[in-house]
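>>> mind folding the following:
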Amino acid sequence: MILLKQLIPVTRSREKVNEGDYSEDNILKPFKGPYVNIGGVEVGLSAKNLSKDKALINKAEHSLYINGYRDFSNIVAVEIFSIDTFKSQQRQGLGTAAMTKIINIAEEEGIVLYLEALPIGDKRMSTRELVNWYTKLGFELLTYGQYPQMIKIPKRRI
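Residues are numbered from 1 along each chain as shown. Alright, predicted model coming up:
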């Protein structure tokens, strides 16, 4: 099992996130709830207001700005707090496939993704391997420490 804190969408709904409605139900609407199963990989999600963490916003400000964000007072994202794969299915690309689907939905919906890479489990990746994996998936490293913080900002705002 890999546990991480992230902001990410998982299963597409036909309705876009309502502009200005930052409730967890509305933010998670494109993913159909807080726990989503993608090809046998269970992904745990929650909504998080990134604007409450001023240090994080300061580190992400440039990337947010060049991607169309002008008001940093209410940056809400989807947090992926866990990715759970059976031991027998680890290191077979299922996590990458699930993350790719989540990232594609986030791009379509214009949702910021955030995570703290925290390796857990018997066949877990090291922190460095997790950071490299997320970087390959398009995440930007904001801080590196016990729990590296990473963010994925959609290419264009909707």
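>>> now for the helix or strand harbouring Trp133, which elements pack on it?
Using DSSP states H and E, Trp133 maps to helix 127-136. Contacts defined by 3 or more CB pairs under 8 Å, 6 or more residues apart in numbering; DSSP states H and E place helix 127-136 against strand 112-118, strand 149-152. Placement of C-beta: from N, CA and C, glycine included.
>>> pipe those strands into TSV and attach mean pLDDT and mean neighbour count per row.
Formatted as TSV, the helices and strands packed on helix 127-136 follow (pLDDT from 0 to 100; neighbours: other CB atoms under 10 Å):
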stretch	mean pLDDT	mean neighbour count
strand 112-118	88	24
strand 149-152	91	24
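>>> those into JSON lines, with extra columns for distance to Pro34?
Below are these laid out as JSON lines (distance: least, CB to CB, whole Å):
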{"stretch": "strand 112-118", "distance to Pro34": "15"}
{"stretch": "strand 149-152", "distance to Pro34": "19"}
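>>> contact partners of the helix holding Trp133?
2, 4, 96, 115, 117-119, 125, 141, 144, 148, 150 (CB atoms under 8 Å, 6 or more residues apart in numbering).
>>> what's next to the following helix or strand past that helix, contact-wise?
Proceeding N to C from helix 127-136, the next assigned helix or strand is strand 140-143, under DSSP H and E. Identification of contacts with strand 140-143 by CB under 8 Å, 6+ apart yields 56, 59-60, 63, 131, 135, 148-153.
>>> where's the biggest helix by length in the chain relative to the chain centroid, distance-wise?
If you go by DSSP state H, the chain has its longest helix at helix 94-109. How far helix 94-109 lies from its chain's middle: 9 Å, per CA atoms, centre = their mean, to the nearest Å.
>>> now stretch 43-54: buried residues?
The neighbour-count check on stretch 43-54 (16 or more other CB atoms under 10 Å) flags 43-48, 50 as buried.
>>> ah, wrong one, I meant stretch 60-69
Buried-residue list, stretch 60-69, by 16+ other CB under 10 Å: 60, 64, 69.
>>> try stretch 125-138
Buried, per 16+ other CB under 10 Å, within stretch 125-138: 125, 127, 130-131, 133-134, 138.
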